[in-house]
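Trainee: sequence unavailable; structure follows:
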């Protein structure tokens, strides 16, 4: 899958940053919850990609390869902890969207609610849901990016969905009780 990018690392780096810069940044922010640290991590990810471009064999997609680098750098930098401060939705970090204000407000509210529930789950469940739903990686790509067996990823995804449903149902019950009193 390296075919669409230049063979020369310097030219490829520019193409990679253009194509995947926001994905790498959002992933780093998801893991750290700190915009400045996410920017540093993004730079390190692209530096590693530049250094290793000629050895990238194309056995996975470039997106999966960069995501794997990002996950590994984030894990190294954070010791696998996620969010050191109150997070915002990583998808809101994209600056080039044009959408009307009302739709954007509803979209943010919905994503914020989902993200709030997501953050109550265990770290492996947060990770698999983020990679699957926010980055649109399939289970094989997640397995490659996290160095996990695909069966483990499928199992985590299944359990994470169940945990998310329980979490949302639990809050729904709490809110129903609150509004009836």
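Mentor: Great, that's in hand. Computed from a predicted model, the values in this text were never measured in an experiment.
Trainee: C-alpha from now on. contacts and neighbour counts both.
Mentor: Will do.
Trainee: where does residue 6 fall, phi/psi-wise?
Mentor: The phi and psi torsions at residue 6 (degrees, to the nearest 10) take the values phi -60, psi 150.
Trainee: ok, it - contacts?
Mentor: When contacts are counted by Cα atoms under 8 Å, 6 or more residues apart in numbering, residue 6 touches 12, 15.
Trainee: quick one, helices of this structure?
Mentor: Using DSSP state H, the helices found in the chain span residues 9-32, 35-52, 62-78, 101-118, 123-129, 139-146, 150-180.
Trainee: return the member of those having the minimum mean pLDDT.
Mentor: In terms of mean pLDDT, the lowest-scoring of these is helix 101-118 (a mean of 63).
Trainee: excluding sequence neighbours, find me the nearest residue to the residue most central in space within the chain.
Mentor: Central residue of the chain (Cα atoms, centre = their mean): residue 27, 3.8 Å from the mean position. Leaving aside its sequence neighbours, residue 27 sits nearest to residue 70 (Cα to Cα, 6 or more residues apart in numbering; 7.0 Å).
Trainee: residues near that neighbour, how many?
Mentor: 30 (other Cα atoms under 10 Å).
Trainee: kindly report the same for residue 42.
Mentor: Per other Cα under 10 Å, the neighbour tally for residue 42 reads 26.
Trainee: again with residue 36
Mentor: For residue 36, using other Cα under 10 Å, the count is 12.
Trainee: what about the residue nearest to the centre of the chain, distance to residue 11?
Mentor: Going from residue 27 to residue 11 by Cα to Cα, to the nearest Å gives 23 Å.
Trainee: all set, thanks.
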